[in-house]
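> Give me the fold of what follows.
(one chain, ligands or ions: 2)
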Amino acid sequence: MHKIFIDGEAGTTGLQIRERLSSRSDITLLTIDASERKNPAARARLLNEADVAILCLPDDAARESVSMIENPDTRVIDASTAHRVSDGWEYGFAEMAPGHGETIAASKRVANPGCWPQGLIACVRPLVEASLLPADFPLTYNGISGYSGGGRQMIEDYENASDQVPFIPYGLRLNHKHLPEMKAYAKLEHDPLFQPSVGNFAQGMLTFIPLQLWNLPGHVASTDVHAVLQDRYAGETFVSVGPLSTADKVAGLDPRSLNGTNSMQIHVFGNDMREQVLLAVLYDNLGKGASGAAVQNLNLMIGADPATGLIGHRQSAAA
Ligand SMILES: NC(=O)C1=CN([C@@H]2O[C@H](COP(=O)(O)OP(=O)(O)OC[C@H]3O[C@@H](n4cnc5c(N)ncnc54)[C@H](OP(=O)(O)O)[C@@H]3O)[C@@H](O)[C@H]2O)C=CC1
Ligand SMILES: CC(=O)N[C@@H](CCC(=O)OP(=O)(O)O)C(=O)O
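Ligands and ions are numbered 1, 2, ... in the order given. Model (predicted):
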C-alpha cells in the first residue's frame with residue numbers, strides 16, 4: 001500500500017488527482033483536516049509520512065513543502081512551475097523521449113510539466129532529434145486553453161462574470177513563465193515566441209505550431225514531418241498522431257474533445273506547394289496537462305501500470 005499526500009488537495013489540480021486516486025486499492029490517501037490545510041506543521045507531518053507527496057500549490061508554497069521534507073524516503077511530484085528546470089529534478093513528461101518513463105520511475109523528485117509546454121515539446125523535440133528542424137529554428141507557438149488553466153481564481157472570475165469574454169489573448173509581454181521548460185525540453189537554442197489565449201469554456205486546450213519549411217536547409221516535406229511524429233508515438237498509450245491532412249477544415253478540433261482523458265492528439269496539416277506545415281495538439285489541460293500527467297508519473301514511480309486510473313486515447317479524427 002502506497003501512502004500518498006496531496007498538498008493542495010482542495011485546489012483545481014489537487015481535486016482532480018484525488019478523484020483519479022480515490023477508488024484505488026493500492027493507494028492510501030493521507031488527508032489533512034480542512035482547517036489545517038495551510039498549517040505548515042500539519043503539512044510537514046504528512047509530507048514526511050508520505051511515500052509520495054504530490055504538490056498542487058502555488059510556486060512559493062511548493063518550495064516551502066520541499067524544504068519541509070526531512071524523510072529521505074519521501075518522493076515528490078511537484079505540479080507547480082517551481083522546479084521544472086531545476087537540478088536534481090526530472091521533468092515528468094513520460095513520452096518526451098524513449099526511455100524517459102524509466103527515468104521518472106527511478107526518480108525521487110519529479111516536476112510535472114506545464115500544460116502549454118507539453119504540446120510544443122511533444123512535436124518539436126522529435127523533429128529536432130531527427131534533424132528535420134535545426135535547434136536554432138525560430139519557432140512560434142500559440143493556442144487556446146479553458147479557464148480552469150488559471151486555477152481557482154480564474155475559475156471564479158469567469159463563473160461570476162456577467163459577460164464571459166469568448167477569447168482573451170494574454171502573455172502579450174512575450175515572457176510567459178513556461179518558456180524555460182519549452183526551450184530546455186524541446187531542445188531548442190532560442191525561446192519560442194509564445195502567445196497563449198484563454199476562452200470562455202472551463203476545460204481543454206488546442207495549441208498550434210506553424211512551420212515554414214521553405215526556410216530550412218534541404219527539402220523537408222510535410223510527409224517527412226508526419227512520418228517522424230508517427231514513428232515516434234507508434235504504440236504509445238496516451239500520445240497519438242492523426243493522418244497527414246490537406247483538408248481545409250476537419251472535425252474534432254474542439255479544444256474540449258479530450259476532456260476527462262489523459263490523451264494528447266497531434267494533428268499534422270500540410271501544404272507542400274507552399275512548403276508549410278501546421279501542427280495542432282489537442283489535450284485536456286487538467287488531464288494530460290496537469291492531473292492526468294501527475295497520476296501517470298505516480299504510477300511509474302510506484303511501479304503500477306502507467307495507465308491505472310487513466311483514460312487512453314481515441315484515434316484522431318483528422319483526415
Ligand atoms: N490548472 C491547471 O490547468 C494547471 C495547474 N498547474 C499548477 O498546479 C499548481 C496548482 O494549480 P491549481 O490547482 O490550478 O491552483 P488552485 O489555485 O486551484 O489551487 C491551489 C491550492 O493550493 C492552496 N494553497 C495556496 N497556498 C497554500 C499554502 N501555503 N499551503 C497549502 N495550500 C495552499 C490553495 O488554497 P486557496 O485557494 O485557499 O488559496 C488552493 O487550494 C500550480 O502551481 C499551477 O501552476 C499545472 C498545470 C496545469
Ligand atoms: C489559462 C491559463 O492561465 N493557464 C496557465 C497555465 C496553467 C499551467 O500549465 O500551469 P502551471 O502554472 O503550473 O505552469 C498560464 O498560462 O499561466
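> which parts of the stretch 1-150 of the chain sit against ligand 2?
Ser80, Thr81, Gly114, Cys115, Trp116, Ser145, Gly149, Gly150 (Cβ under 6 Å from any ligand atom). C-beta here means a position set from N, CA and C on the backbone, and glycine is covered the same way.
> didn't the first one look like it was pressed against Pro58?
So that's Ser80. Yes - assessed by Cβ atoms under 8 Å, Ser80 is found in contact with Pro58 at 6.6 Å.
> which of these two has more neighbours?
Neighbour count, other Cβ atoms under 10 Å: between Ser80 and Pro58, Ser80 has more, with 21 against 15.
> Contacts only, for the more buried one.
Leu55, Cys56, Leu57, Pro58, Asp59, Ala61, Ala62 (Cβ atoms under 8 Å, 6 or more residues apart in numbering).
> Can you select the buried ones from those in PyMOL?
Those of these that count as buried under 16 or more other Cβ atoms under 10 Å are selected in PyMOL with:
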select buried, resi 55+56+57+61+62
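> And for whatever residue of the stretch 101-250 of the chain ends up closest to ligand 1, nearest residue in space, chain neighbours not counted?
Residue nearest to ligand 1 within the stretch 101-250 of the chain (Cβ to the nearest ligand atom): Gly151, separated by 3.0 Å. Computed as Cβ to Cβ, 6 or more residues apart in numbering, the closest residue to Gly151 that is not its neighbour in sequence is Thr12, at 5.2 Å.
> State the number of residues packed around the one you found.
For Thr12, the neighbour count with other Cβ under 10 Å is 23.
> Count the neighbours of Ala247 for me.
10.
> swap in Ser222?
Ser222: 22 neighbours (other Cβ under 10 Å).
> Settle this for me: it is touching His267, isn't it.
No - at 12.0 Å, Ser222 does not count as touching His267 under the criterion of Cβ under 8 Å.
> Can you classify whichever residue of the stretch 201-319 of the chain sits closest to ligand 1 by secondary structure?
Nearest to ligand 1 in the stretch 201-319 of the chain, going by Cβ to the nearest ligand atom, is Ala290, at a distance of 3.4 Å. Put simply, Ala290 is helix when judged by DSSP: H, G, I helix; E, B strand; the rest coil.
> Roughly how far does the closest residue to it other than its chain neighbours sit from Asp33?
Sequence neighbours aside, Thr13 is the residue nearest to Ala290 in space, at 4.8 Å (criterion: Cβ to Cβ, 6+ apart). Between Thr13 and Asp33 the computed distance is 20 Å (Cβ to Cβ, to the nearest Å).
> neighbour count winner among the two?
Each of Thr13 and Asp33 has its neighbours counted (other Cβ under 10 Å); Thr13 has more, 27 against 8.
> SS state for whichever residue of the stretch 151-300 of the chain sits closest to ligand 2?
Nearest residue of the stretch 151-300 of the chain to ligand 2 (Cβ to the nearest ligand atom) works out as Val198 at 4.4 Å. For Val198, the assignment made with three-state DSSP gives strand.
> wait, isn't it in contact with Tyr147?
Yes - counting by Cβ under 8 Å, Tyr147 is a contact partner of Val198 at 5.5 Å.
> overlap in contacts of these two?
Met154.
> what's the neighbour count on the closest residue to Tyr170 other than its chain neighbours?
Using Cβ to Cβ, 6+ apart and skipping the chain neighbours, the partner closest in space to Tyr170 is Pro196 (6.0 Å). Pro196 has 21 neighbours, counted by other Cβ under 10 Å.
> which ones are touching Pro196?
Trp116, Asn142, Gly143, Ile144, Ser145, Pro169, Tyr170, Gly171, His176.
> Kindly state the beta-bridge partners for the closest residue to the fifth one other than its chain neighbours.
Setting aside the residues directly before and after it, Ser145 is nearest to Met205 in space (Cβ to Cβ, 6+ apart), at 4.2 Å. Under DSSP bridges, the beta-bridge partners of Met205 are Ser145, Tyr283.
> Could you pull up the contacting residues of Met205?
If you count contacts by Cβ under 8 Å, 6+ apart, Met205 has them with 115-116, 119, 143-146, 149, 255, 282-285, 289.
> let's see 7 Å
Cys115, Gly143, Ile144, Ser145, Gly146, Pro255, Tyr283, Asn285, Gly289 (Cβ atoms under 7 Å, 6 or more residues apart in numbering).
> surely Leu310 meets Ser263?
No - counting by Cβ atoms under 7 Å, Leu310 does not reach Ser263; the two are 9.0 Å apart.
> Between these two, which has more neighbouring residues?
When neighbours are counted by other Cβ under 10 Å, Leu310 and Ser263 differ, and Ser263 comes out ahead with 26 against 21.
> My guess is the more buried one contacts Lys288. True?
Yes - counting by Cβ under 7 Å, Lys288 is a contact partner of Ser263 at 6.5 Å.
> intersection of neighbour lists for these two?
With Cβ under 7 Å, 6+ apart as the test, Ser263 and Lys288 both reach Phe238.
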